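K.L.:
3D, please:
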Amino acid sequence: MTKPKVVKVVIVGGGWAGCAAALTAKKSGGEVSIYERTDMLLGLGNVGGIMRNNGRYTAAEESILLGANELFQLCDECSRHKNIDFPGHKHANLYDVAIIEPSVRRLIKSKGINIYLQQRVTDVIKQGNKITAIKLHDGSIIQGDIFIETTGSTGPMGNCLKYGNGCVMCILRCPSFGPRISLSYKAGVEDLLGQRADGSFGAFSGSCKLNKESLSQKIVEELNSKGVVVLPVPEEEINMDKLNIKVCQQYALKDYAENIVLLDTGHAKLMAPFYPLDKLRKLEGFENARFEDPYAGGVGNSIRYLSIAPRNNSMKVKGIDNLLCAGEKSGLFVGHTEAIVTGSLAGHNSIRMLLGIPLLELPRNLASGDLIAYANAEILEEEGLKKRYTFAGGEYFRRMQKLRLYTTDSNSLKSKIERLNLLNIYNEKLV
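P.N.:
Predicted structure coming up:
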């Protein structure tokens, strides 16, 4: 009797995209390992927290019906607030950033997926157009059949210095764990760089986090009970220009210039890329305000979108036969939901790739498939490099509404996905 082939899937990067890819690759039959350079999974997800707002509700329900349910259900379970509204956004869930990473780590381990923390990848080994192994910072060589890059697009420190306001000591902690490297670039594929409206490269992360206990009791009580606090900014402090530097164009609304918008994710999530501490402390209730992430949130934030791999709509990196990508590595995407959607597809396709069967492309009458394809087409144009793509707002959410892809009706989505013969496709064991 022929012994079943062991398919080794190596995922570089343990953020939301990497975790999602690991889960679908495992369900499809792979032996899966995640290599993460820091001491925690989830990356920016450790200070994020916003789920199911606007079109992300649709995308989450699509993924659940496709079979990528675990991470969305875990976020729901870890939510401090559910079905809340804040400026420009409806029916959001806010997960607790203090408990989400251990919960995800336990889930990943329970599925038999290997997690290797503080293991920074520094190079690749190739034969022809295939990667045969990765090199770690300690010189170790890790072989694999299929590789998935979910390293994100933030860091190293030099990029934040060159394109931002310096290293601001964010959750990615490059000084402690070393810089992110681009696996695709090491394999000989030129990266794409996102731009701002003025043509400069990169974009500031869109929010920073305040220690909740450093705020007034009145603000804390309102945050804890309602999940959101909106406070007017003095007229002389209103700065519309700051909206152009944010990565999160879904929050580039005048409400976010004219008001302090706080969300309760365990921290008090301040919806601004940074806010000078002396000015913040002049506001009522913020006299003792202190930043939790980044620690230098008074002067800047991390810089993102400096390392995007060219890919097709099945998440395969162009020019490398056995490399897929997901998350911010795969496009100018914003958000955890977008990372999970792209990661889930990449993980499933990793097994299809090795078996030599056609890779799955999500159809464009699903919001998930349309986002992946639309962003991929737009990024080929110079103006497309200045845009950001998210189910939650901006240009793409308007597109979702125009195409009638946005819905909160899970039953209609189930009927559509059944007609497409894709219900629970990610649960199919291929090996």
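K.L.:
Can you tell me the closest non-neighbouring residue to Gly285?
P.N.:
Ser216 (3.7 Å; C-beta to C-beta, 6 or more residues apart in numbering). Any C-beta I mention is one placed from the backbone N, CA and C, and that applies to glycine too.
K.L.:
Please verify my assumption that the one you found contacts Ala289.
P.N.:
No. The pair Ser216 / Ala289 is not scored as a contact, 9.5 Å apart, by C-beta atoms under 8 Å.
K.L.:
So for those two, which residue has more residues nearby?
P.N.:
Ala289 (21 against 15; other C-beta atoms under 10 Å).
K.L.:
That one: what's it in contact with?
P.N.:
Leu210, Asn211, Ser214, Leu215, Leu277, Leu280, Arg281 (C-beta atoms under 8 Å, 6 or more residues apart in numbering).
K.L.:
Quick one, grab the pLDDT at it.
P.N.:
Turning to Ala289, the model gives it a pLDDT of 98.
K.L.:
same check, this time on the one 10 residues further on
P.N.:
Per-residue confidence at Val299 stands at 96 (pLDDT).
K.L.:
Helix, strand, or coil at Leu283?
P.N.:
Here Leu283 is recorded as coil under DSSP: H, G, I helix; E, B strand; the rest coil.
K.L.:
could you pull out the strands for the stretch 1-150 of the chain?
P.N.:
8-12, 31-35, 50-51, 79-86, 89-95, 114-116, 121-127, 130-136, 141-143, 146-149 (DSSP state E, counting those that start in this stretch).
K.L.:
out of the ones you listed, deepest packed?
P.N.:
strand 146-149 (a mean of 31; mean count of other C-beta atoms under 10 Å).
K.L.:
Could you give the average pLDDT over the helix or strand following that strand?
P.N.:
For strand 146-149, the following helix or strand on the C-terminal side (DSSP states H and E) is helix 157-163. Helix 157-163 carries an average pLDDT of 93.
K.L.:
got the buried residues for helix 157-163?
P.N.:
Neighbour-count burial for helix 157-163, counted by 16 or more other C-beta atoms under 10 Å, picks out Met157, Asn159, Cys160, Tyr163.
K.L.:
ok, and the closest non-adjacent residue to Ala60?
P.N.:
Phe72 (4.7 Å).
K.L.:
and the one you found, how many neighbours?
P.N.:
The burial count for Phe72: 22, using other C-beta under 10 Å.
K.L.:
Just confirm it contacts Ser63, I think it does.
P.N.:
Yes. Checked against C-beta under 8 Å, the pair Phe72 and Ser63 is within contact range at 6.2 Å.
K.L.:
Would you mind listing the residues touching both of those two?
P.N.:
Ile340.
K.L.:
how about the residue nearest to Gly285, what does it touch?
P.N.:
Here Ser216 is in contact with Glu284, Gly285, Phe286, Glu287 (C-beta under 8 Å, 6+ apart).
K.L.:
By neighbours, which of the residues you listed wins?
P.N.:
Highest count within those by other C-beta under 10 Å belongs to Phe286, 23 neighbours.
K.L.:
By mean pLDDT, which helix or strand of this structure comes out lowest?
P.N.:
Sorting the helices and strands of the chain by mean pLDDT, DSSP states H and E puts helix 255-258 at the bottom, at a mean of 82.
K.L.:
buried ones in that helix?
P.N.:
Buried, per 16+ other C-beta under 10 Å, within helix 255-258: Tyr256, Ala257, Glu258.
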